[in-house]
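just coords:
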């Protein structure tokens with residue numbers, strides 16, 4: 001599906017949430033294409049400090065977006081949205097991009113350990129950051145720069161992957177060990193982009209979580225950062241979601257007449 005020249009003025013704002021080891025700039029190519037099609041789009045900075053903290057922050061950010069929202073999450077950002085998206089009341093749907101969609105009580109480290117496609121755990125480097133409680137510290141993880149290209153961004157040029165490795169943002173260990181809450185995918189329609197060469201989250205667990213969530217799934221050949229290597233493919237799925245939501249709104253309006 002190609003992105004149309006224009007969309008309805010009532011189209012929801014598309015809000016993007018990045019994942020671990022990354023920042024909002026990873027969505028630049030997708031946002032550029034949506035903006036060109038007349039879609040309002042913005043990105044939320046994910047704190048990467050743990051499921052509870054990050055979900056509360058993102059839920060607050062979503063609630064402050066005027067009008068309806070289509071929320072899009074990458075990787076760990078998908079888990080954050082799974083916890084956050086149902087709370088504001090203005091989110092109409094979810095798009096998971098190489099993303100986790102955990103169920104209530106699940107822990108991301110267990111999901112990762114269950115993947116045969118992911119090699120992320122072999123590439124992590126742990127450091128510490130202050131918790132704010134005296135001298136107490138909490139572990140956080142980054143990806144070994146020497147392994148970043150193969151694990152995270154294998155279909156990008158080596159130089160681009162090296163720059164991403166040098167500017168990556170560590171994620172708190174709390175993001176991997178905190179139990180997840182009631183999932184928004186149980187109450188919202190979902191779409192998913194599964195990158196077939198995802199060696200970070202793992203194509204197998206991303207696919208199985210999307211299937212469990214009842215998502216409309218699009219498989220794309222590429223790495224974990226499919227939104228950077230193939231932004232058009234991701235933009236097309238977002239537009240499909242917007243078109244479905246728009247058609248559903250029109251049907252409901254007609255039924256109420």
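Nice, thanks for sending it over. Everything numeric in this text was worked out from a predicted model, so none of it was measured. Residues are numbered from 1 along each chain as shown.

the strands in the stretch 1-150 of the chain, which residues?
13-17, 41-44, 69-74, 91-97, 124-130, 137-143 (DSSP state E, counting those that start in this stretch).

which strands and helices sit next to the last one?
When contacts are defined as 3 or more CB pairs under 8 Å, 6 or more residues apart in numbering; DSSP states H and E, strand 137-143 packs onto strand 124-130, strand 171-172. In this view, the C-beta of every residue, glycine as well, is placed from N, C-alpha and C.

will you turn the ones you listed into a markdown table that also has mean pLDDT, mean neighbour count and distance to residue 198?
A markdown table is the format used below for the helices and strands packed on strand 137-143 (pLDDT from 0 to 100; neighbours: other CB atoms under 10 Å; distance: least, CB to CB, whole Å):
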| stretch | mean pLDDT | mean neighbour count | distance to residue 198 |
| --- | --- | --- | --- |
| strand 124-130 | 97 | 12 | 16 |
| strand 171-172 | 98 | 24 | 17 |
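
any chance of a markdown table for those, columns distance to residue 194?
As requested, these are exported to a markdown table (distance: least, CB to CB, whole Å):
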| stretch | distance to residue 194 |
| --- | --- |
| strand 124-130 | 23 |
| strand 171-172 | 22 |
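
of those strands, which is nearest residue 163?
Between residue 163 and these, the tightest spacing by CB to CB is seen for strand 124-130, at 17.9 Å.

ok so, going back, among the strands of the stretch 1-150 of the chain, which is the most enclosed?
Comparing those on average neighbours per residue, with mean count of other CB atoms under 10 Å, the densest one is strand 69-74 at a mean of 29.

note down every partner strand of it and its orientation.
Paired with strand 69-74 in the same sheet, following DSSP bridges, are strand 13-17 (parallel), strand 91-97 (parallel).

is it true that residue 178 touches residue 53?
No. With contact defined as CB atoms under 8 Å, residue 178 does not reach residue 53; the gap is 9.1 Å.

sorry, back to before: which among the helices and strands packed on strand 137-143 is found nearest to residue 105?
Of all the helices and strands packed on strand 137-143, strand 171-172 sits nearest to residue 105, with 19.6 Å by CB to CB.

the closest one pairs with which strands?
Based on DSSP bridges, the pairing partners of strand 171-172 within the sheet are strand 137-143 (antiparallel).

could you dump the strands paired with strand 69-74 to JSON lines with mean pLDDT and distance to residue 119?
Rendered in JSON lines, the data for the strands paired with strand 69-74 read as follows (pLDDT from 0 to 100; distance: least, CB to CB, whole Å):
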{"stretch": "strand 13-17", "mean pLDDT": "98", "distance to residue 119": "24"}
{"stretch": "strand 91-97", "mean pLDDT": "98", "distance to residue 119": "20"}
